[in-house]
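Visitor: Show me the folded form of this:
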Amino acid sequence: MSNTPRKVQQLFDLTGRVALVTGGSRGLGLQMAHALGEAGAKVVISSRKAADLEQAVMALQDAGIDARWVAADAGNPADIERLVGETLERMGDVDILVNNAGATWGAPAQDHPLEAWDKVMNLNVRGYFLLSQAIAKRSMIARKKGRIINVASIAGLGGNPPFMQTIAYNTSKGAVVNFTRALACEWGQLGINVNAIAPGFFPSKMTAGLLGAVGEDNIAKHAPLLRVGDDEDLKGATVLLASDAGKHITGQILAVDGGVSACTGG
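Guide: Take a look at the predicted model:
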């Protein structure tokens with residue numbers, strides 16, 4: 001590498017890199033896929049439903065992004081292996097992995113179904129681990145190069161207001177926070193940066209019921225910026241952590257929440 005510092009545009013440039021984004025057919029995952037593609041990366045998105053993926057890839061391609069899709073359940077070990085194999089076969093080495101696929105379940109803790117607990121934990125925690133492990137072993141470790149971005153949540157930084165009863169989701173996202181730190185400490189010497197983004201409230205299919213019941217304005221008033229996230233608020237953080245602009249950042253949890261966690265001690 002030259003001793004001459006690169007310009008900031010060069011540091012954020014992802015041209016020639018390959019990114020895999022799970023849960024990438026809609027919402028936050030699709031926003032992150034757009035960000036990576038707009039910065040120059042080739043993007044593979046994955047989720048369970050082929051029809052949703054086809055529509056999302058069309059939107060990405062219409063934006064000038066080289067995008068492909070692989071349908072897979074990120075909570076299923078066999079599907080994870082197939083996702084990794086197909087991605088490597090079609091696109092070559094993966095430089096950027098975004099673990100975003102997730103599930104939630106609303107129920108009082110005393111009545112929370114065991115099967116729902118297992119579903120949330122398997123997708124939100126075990127799935128992140130298995131996919132990170134597979135991509136690292138098959139693509140990143142040998143090259144001593146890679147970026148892993150885990151999508152956590154401010155729900156993983158603390159408890160909930162009384163109107164939210166998502167014990168499994170909060171627990172899983174707390175696990176993602178420390179999974180990120182532990183993996184960063186272990187894999188830094190292998191050239192792999194591991195960080196997490198912890199979004200606050202964003203309109204999405206997952207939050208639609210809550211936003212409808214409580215009201216977006218009522219949720220927004222708890223944030224210092226007096227707003228919820230929009231369809232571009234994750235873009236900058238994603239590209240920072242995926243690019244050379246963030247090459248000296250690892251093991252960090254970046255809250256993108258309008259300031260909520262700063263005021264609640266998260």
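
Visitor: What mean pLDDT does the strand ranked longest in the chain get?
Guide: Counting residues, the longest strand in the chain under DSSP state E turns out to be strand 192-199. Looking at strand 192-199 alone, the average pLDDT works out to 98.

Visitor: Who are the packing partners of that strand?
Guide: Other elements packing on strand 192-199 under the criterion 3 or more C-beta pairs under 8 Å, 6 or more residues apart in numbering; DSSP states H and E are strand 146-151, helix 167-187, helix 235-242, strand 253-256. (Glycine included, C-beta is placed from N, CA and C.)

Visitor: before we move on, what SS does residue 70 have?
Guide: Residue 70 carries the three-state label strand when classified by DSSP: H, G, I helix; E, B strand; the rest coil.

Visitor: my read: it touches residue 44, true?
Guide: Yes: the pair formed by residue 70 and residue 44 meets the contact definition of C-beta atoms under 8 Å, at 6.2 Å.

Visitor: follow-up on the earlier one: run the angle between the longest strand of the chain and helix 167-187 for me.
Guide: Angular relation of strand 192-199 and helix 167-187 on a 0 to 180 degree scale: 160 degrees, by axes from the mean of the first three to the mean of the last three C-alpha atoms, to 10 degrees.

Visitor: and strand 192-199, C-alpha only, in CSV?
Guide: Extracted C-alpha coordinates of strand 192-199, given in CSV (Å, rounded to 0.1, in the frame of the first residue of the first chain):
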residue,chain,number,x,y,z
ILE,A,192,-11.4,-10.2,9.6
ASN,A,193,-13.2,-7.2,11.0
VAL,A,194,-16.4,-7.9,12.9
ASN,A,195,-18.9,-5.2,13.9
ALA,A,196,-22.5,-4.7,14.6
ILE,A,197,-25.1,-2.1,13.7
ALA,A,198,-27.9,-1.7,16.3
PRO,A,199,-30.9,0.0,14.7
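
Visitor: so what strands line up beside it?
Guide: Strand 192-199 has its sheet partners listed here by DSSP bridges as strand 146-151 (parallel), strand 253-256 (parallel).

Visitor: okay, the helices and strands packed on strand 192-199 in TSV with distance to residue 38 next?
Guide: Output for the helices and strands packed on strand 192-199, formatted as TSV (distance: least, C-beta to C-beta, whole Å):
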stretch	distance to residue 38
strand 146-151	16
helix 167-187	25
helix 235-242	8
strand 253-256	17
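
Visitor: All set, thanks.
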